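> Need a 3D model of the following:
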Amino acid sequence: MAEEEDQVGVAGSCSQRTQIGIATSPSHSLHDWHALPLADRPRLVDVRSEEAFQARRLVSSINLPIDDLVNLLFELPEPSVGLAIVATNLEEGENAVKLLDSRYWHCIPFIFVEDESEENSVLWRSAATLRLLTSGQISPQDRRIIYTPNPFLVSHIDFVEESLAETHLVSSSQSFYTCCDVGCGAGRDSVWLAKRGRGWLVRCVDRLPRCLDRVQRLACRHGVSNLIECETSLVRGARVHSSSTSPSFETRKYDLVLAIRFFEREFLTSLGEMVRPGGGFLLFVSFVAREDGVAYEHPKDPKKVLLAGELVQVFGTGGMGFETVENCSQILPDGRVMSAYLARRL
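Residues are numbered from 1 along each chain as shown. Prediction:
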C-alpha cells in the first residue's frame, strides 16, 4: 500500500486536547487514533528497529529506534505537538515515553505495540482494516519529516522560488539555488529546504560543532548530504571567526539568506551584502522588543533584541537596495514577540 496519508498542520496539539501521559494510561487502540480528525492525530513515531520498521509499519510513521532515540530528538516536532509511539512491546513503548517526557514531550496519548506474532497482532490487523499497513524499503530521500520548519519560511518559500525563477538567478551554468542558513542550529530548516527537490544548495553556519554534527546526520538520514555544506563560524559583532580553510560564508553571494533566531546588530549590513543583487532574498526572524518595554528573561541582553522597525530601516530605507516583501510580528505563548521580515534585493 502506498503511503498516502499525510499529517498536516500542527497535528495533535496538546493545547487543544487533554494531555495523556504515561501516568494516565494512554490508549492502545489504533481505531481511537484514526477516529480523530486528520489534523489532530498525534504524529506516529516508531521506536522499533529499522529492520522491523521496513518489514511492516503504519502509514505516515517515522522511525527513530529506541536505542538511538536520545540522539534523534531534533527530528521531532515541538513539544506541544502530540505523539503516538509504535513499539515492539509495552515496556519498550513506556521507556520511550519516559525518555521523551524527561525531555519536555509530555503529550503522548497513544502507545501502539505489536506484541504478538505478525498473524495475531491486534495492531497489524487493525492497521490492515484501516488501510494503514505498509511495508518495504524506504530510501533516505523518502523519509518523512514530522517536525515543523519555521512557519514564516514555509509560508513564503513558494513565492521566493517563483520569484527567483522569474529573475533568472538560476542560469544554464548553475543548476541550483544557493542559500546560507546563518545560526542554523540542528539544520531543520536547511534540510527541509534541500529536501523540497527544487534545486537548493544550502550552506549551514553555526558556532557550535555539535550543532553541525546534527545537521550532517539529519542531512544523511534524509538523503541530502550532497546539498548541505557546513561551516563552523563565530559571529561576534561585525567580525567572523571561521574554521574554514576556504573563504568563509560571508564573502559569498546567495539567492536566499536565512537568519532565524540569529541576531548580531553589527552584522546586519554583512547579511544584506551576502544577498545576491538582482532578486535575491533575505529572510529574518528574531525577537523584537515589546511595546510595553518589559524585558525578556531570554534573551536577557537587550542588545540581542531587535528594535521596532529596525529591519525596515536598515534594509528597506538604509540604502542597501532592498524591497520589503513582508514585515510582521508574532506573539509567542510566553509573551515574547518575534519579528518576521522578508526582503528582496533589487
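
> hey, let's count contacts and neighbours off CA atoms from now on
Noted.

> so who does residue 284 touch?
258, 259, 260, 261, 339, 340, 341, 342 (Cα atoms under 8 Å, 6 or more residues apart in numbering).

> give me the low-pLDDT residue ranges for this protein?
Low-confidence segments of the chain (pLDDT under 70): 1-24, 117-119, 168-174.

> Centre of the chain to the helix ranked longest in it, how far?
In terms of residue count, the longest helix belonging to the chain (DSSP state H) is helix 151-166. Counting by Cα atoms, centre = their mean, to the nearest Å, helix 151-166 is centred 16 Å from the centre of its parent chain.

> which parts of the very next helix or strand once past it are buried?
Per DSSP states H and E, helix 151-166 leads on to strand 177-182 as the next helix or strand towards the C-terminus. Buried residues in strand 177-182, counted by 16 or more other Cα atoms under 10 Å: 177, 178, 179, 180, 181, 182.

> Check the gap between the fifth one and residue 212 for me.
Looking back up the chat, that one is residue 181. 12 Å (Cα to Cα, to the nearest Å).

> wait, residue 65 sits on residue 47?
Yes. Assessed by Cα atoms under 8 Å, residue 65 is found in contact with residue 47 at 4.2 Å.

> To what extent is residue 308 buried, counted in neighbours?
For residue 308, the neighbour count with other Cα atoms under 10 Å is 14.

> what about the helices in the stretch 201-346 of the chain?
If DSSP state H, counting those that start in this stretch is used as the criterion, the helices of the stretch 201-346 of the chain fall at 209-221, 268-274, 310-311.

> ok, now how distant is residue 327 from residue 259?
Residue 327 is 14 Å from residue 259, by Cα to Cα.

> Just want to know which of the two has more residues nearby.
residue 259 (21 against 15).

> That one contacts residue 189, doesn't it?
No. Using Cα under 8 Å, residue 259 is not in contact with residue 189; the gap is 10.8 Å.

> so where do the strands sit in this protein?
Here the chain has its strands, by DSSP state E, at 43-46, 57-58, 62-63, 83-87, 110-113, 133-134, 177-182, 200-206, 228-236, 239-242, 256-260, 281-288, 322-331, 337-345.

> what does the fourth one rub up against?
The reference is to strand 83-87. 12, 42-48, 93, 96-97, 107-114.

> Let's see that strand as PDB, backbone CA atoms only.
Extracted in PDB, the C-alpha atoms of strand 83-87 (Å, rounded to 0.1, in the frame of the first residue of the first chain):
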ATOM      1  CA  LEU A  83       3.000  12.000  19.600                       C
ATOM      2  CA  ALA A  84       1.900   8.300  19.200                       C
ATOM      3  CA  ILE A  85       4.500   5.700  19.900                       C
ATOM      4  CA  VAL A  86       4.800   2.400  18.000                       C
ATOM      5  CA  ALA A  87       6.900  -0.200  19.900                       C
END
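
> Show me what it pairs with in its sheet, parallel or antiparallel.
Paired strands of strand 83-87, with direction, are strand 43-46 (parallel), strand 110-113 (parallel) (DSSP bridges).

> Need the ones you listed in JSON lines (columns: distance to residue 145 and mean neighbour count).
Listed next are these as JSON lines, based on distance: least, Cα to Cα, whole Å; neighbours: other Cα atoms under 10 Å:
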{"stretch": "strand 43-46", "distance to residue 145": "10", "mean neighbour count": "26"}
{"stretch": "strand 110-113", "distance to residue 145": "20", "mean neighbour count": "26"}
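
> closest one to residue 82 among those strands?
strand 43-46 (6.4 Å; Cα to Cα).

> to the chain's geometric centre, what's the distance from the closest one?
The chain centre lies 16 Å from the centre of strand 43-46; the measure is Cα atoms, centre = their mean.

> Likewise for stretch 141-159?
That offset, for stretch 141-159, works out to 7 Å (Cα atoms, centre = their mean).

> quick one: residue 152 and residue 253, what's the gap?
With Cα to Cα as the criterion, residue 152 and residue 253 are 22 Å apart.

> hang on, I meant residue 120
59 Å.

> Those two - which one has more neighbours?
Using other Cα under 10 Å as the criterion, residue 120 and residue 253 rank with residue 253 on top: 19 against 11.

> Return the residues in contact with residue 185.
Neighbours of residue 185 in contact, by Cα under 8 Å, 6+ apart: 206, 211, 212, 215.

> ditto for residue 287
261, 304, 305, 306, 336, 337, 338, 339.

> residues in contact with the closest residue to it other than its chain neighbours?
Leaving aside its chain neighbours, residue 287 sits nearest to residue 338 (4.4 Å; criterion: Cα to Cα, 6 or more residues apart in numbering). Residues near residue 338 by Cα under 8 Å, 6+ apart: 285, 286, 287, 288, 329, 330, 331, 332.

> Separate out the buried members of those.
Looks like the contacts of residue 338 have 285, 286, 287, 288 buried, using 16+ other Cα under 10 Å.
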